[in-house]
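Engineer: Sequence and predicted structure are below.
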2 protein chains.
Amino acid sequence: MSPIEFYFDFSSPYSYLAAEAIEPLAAKYKRTVDYKPMLLGVAFKTSGMAPLTEIPLKGDYSKRDFARSARFAGVPFNMPHPFPVSTVTAARALLWLKQAHPARVRDFVHGLLRAYFVEGRNIGEAPVVAQVADEIGLDAAEMAVAVQEPAIKDQLKRHVDEAIARGVFGAPFFFIDGEPFWGNDRLPQLERWLAHGPF
Amino acid sequence: MSPIEFYFDFSSPYSYLAAEAIEPLAAKYKRTVDYKPMLLGVAFKTSGMAPLTEIPLKGDYSKRDFARSARFAGVPFNMPHPFPVSTVTAARALLWLKQAHPARVRDFVHGLLRAYFVEGRNIGEAPVVAQVADEIGLDAAEMAVAVQEPAIKDQLKRHVDEAIARGVFGAPFFFIDGEPFWGNDRLPQLERWLAHGPF
């Protein structure tokens, strides 16, 4: 069974909510989760979109909906400031970790998302990313060096370009057996797919 | 108990899907549905948005998602051409009907949405709106006169401006007891609100 490909941006509230739900769902249907960092800012340049909170009318509703959707899911959430933040360092760190310490990927992703969306720590800053890595027992110094390597920088660029070429215009964005599902609110459809296959 | 305010655009696929679900939901919780026509084109001018199918990357996914979401809901759906269409005549007709024959509103709304999203008839054309009205036993001639009245034209303008002032940037868009819910995928949250009140 192929893994659930989970494209997300570390600065996306609906990605955080989806991340909290996807592991139990994957386990239930005996799949694994392939965490794929996305840079929404790059996708927005292609689609002509903008961060939700900056769109007239939609912005105010969105903030209300983030919080209500979190309560609906029973997940802690505090709207962070600043929002959004650059997730380039976090994304590079994740790509590095997938190669260097794949068993620690899950803890790192959830640690960073909770640091931002629960604890309000600015994960756009490299020292905060390092701190979170340290808190879950990773070698923060090793990571700090790795995210500055040209190879990782190039890899992230290619990774994001490839995502856009596959049609990843937002986050969270899932592929299951090649089928695309966009948004935390597609989890019910995603679950039907996992349980019964194509519909 | 206040009615469920249901803002929708006759040319919006997710509005059609929501319309198919909202009556049983309202009945279950002893509410009525107040059908409020929206002109998404006007809202898009304020928000800077565009029809989903015209947004790069998002467009292709959207068409796939319309059809899959319909299958998920067990509702017939055929992507209509042309899409989208102007819904000014349909919206005026609905405003008139709410005053002249309020008991026929539900049949008219569902008749028009199904004509477009199941039968592929171009409800952007006034004769098609008249035909659908005739099919459900309304006086199409009376309606054709009514939708040309300056008073109805003004009323629709004010109605849409008021919707935008309330933050209605998309469709379907619901208010329950003043709480806003955007999108067909918010029906689960909407149902929790109906069942248990604010959360």
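Structural biologist: Received the coordinates, thanks.

Engineer: Enumerate the positions of the lowest-mean-pLDDT helix or strand in chain A that are buried.
Structural biologist: Lowest on mean pLDDT, DSSP states H and E among the helices and strands of chain A sits helix A:40-47, with a mean of 89. For helix A:40-47, a neighbour-count test (16 or more other CB atoms under 10 Å in any protein chain shown) marks A:Leu40, A:Gly41, A:Val42, A:Ala43, A:Ser47 as buried. All C-beta atoms are positioned from the backbone trio N, CA, C, and that covers glycine.

Engineer: tell me the contacts of the fourth one?
Structural biologist: Right, the one you point to is A:Ala43. A:Ala43 is in contact with A:Met49, A:Val160, A:Ala163, A:Ile164, A:Val168, A:Phe169, A:Gly170, B:Leu57, counting by CB atoms under 8 Å, 6 or more residues apart in numbering or on different chains.

Engineer: hang on, the earlier thing: make TSV out of the buried residues of helix A:40-47 and add distance to B:Phe181.
Structural biologist: Putting those into TSV (distance: CB to CB, whole Å) gives the following:
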residue	distance to B:Phe181
A:Leu40	24
A:Gly41	28
A:Val42	31
A:Ala43	26
A:Ser47	25
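
Engineer: Just flag the most distant two among these.
Structural biologist: Across these, the longest distance by CB to CB is 11.1 Å; it joins A:Gly41 and A:Ser47.

Engineer: Point out the residues in chain A that sit beside chain B.
Structural biologist: By CB under 8 Å from any CB of the partner chain, the part of chain A that sits against chain B consists of A:43, A:46-50, A:55-58, A:60-61, A:64-65, A:68-69, A:71-72, A:164, A:167-170, A:180, A:182-183, A:185-186, A:188-189, A:192, A:199.

Engineer: Just the buried residues out of those residues, in PyMOL syntax.
Structural biologist: Selection of the buried residues among those in PyMOL, burial being defined by 16+ other CB under 10 Å:
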select buried, chain A and resi 43+47+49+50+55+57+58+61+65+68+69+72+164+167+168+169+170+180+182+183+185+186+189
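
Engineer: Just to be sure, which of the residues of chain A next to chain B are found in strands?
Structural biologist: Assignment to strands by DSSP state E places the following of the residues of chain A next to chain B there: A:Pro180, A:Trp182.

Engineer: Show me the residues of chain A next to chain B that map onto helices.
Structural biologist: Counting by DSSP state H, the residues of chain A next to chain B place A:43, A:46-47, A:58, A:60-61, A:64-65, A:68-69, A:71-72, A:164, A:188-189, A:192 in helices.

Engineer: of all these, which comes closest to A:Ala126?
Structural biologist: A:Ala43 (22.6 Å).

Engineer: Contact partners for A:Phe71?
Structural biologist: Check again: residue A:71 is Arg, not Phe. Counting by CB under 8 Å, 6+ apart, A:Arg71 has contacts A:Phe77, B:Phe199.

Engineer: cool, and A:Asn122?
Structural biologist: A:Pro80, A:Pro82, A:Val85, A:Tyr116, A:Val128.

Engineer: one more time with 10 Å, if that's ok
Structural biologist: Contacts for A:Asn122 (CB atoms under 10 Å, 6 or more residues apart in numbering or on different chains) come out as A:Pro80, A:His81, A:Pro82, A:Phe83, A:Val85, A:Ser86, A:Ala115, A:Tyr116, A:Val128, A:Val129.

Engineer: number of nearby residues for the residue nearest to A:Phe83 when sequence neighbours are not counted?
Structural biologist: Counting by CB to CB, 6 or more residues apart in numbering or on different chains, A:Phe83 lies nearest to A:Thr53, which is 6.5 Å off, once chain neighbours are set aside. Around A:Thr53 there are 16 other residues, counting by other CB atoms under 10 Å in any protein chain shown.
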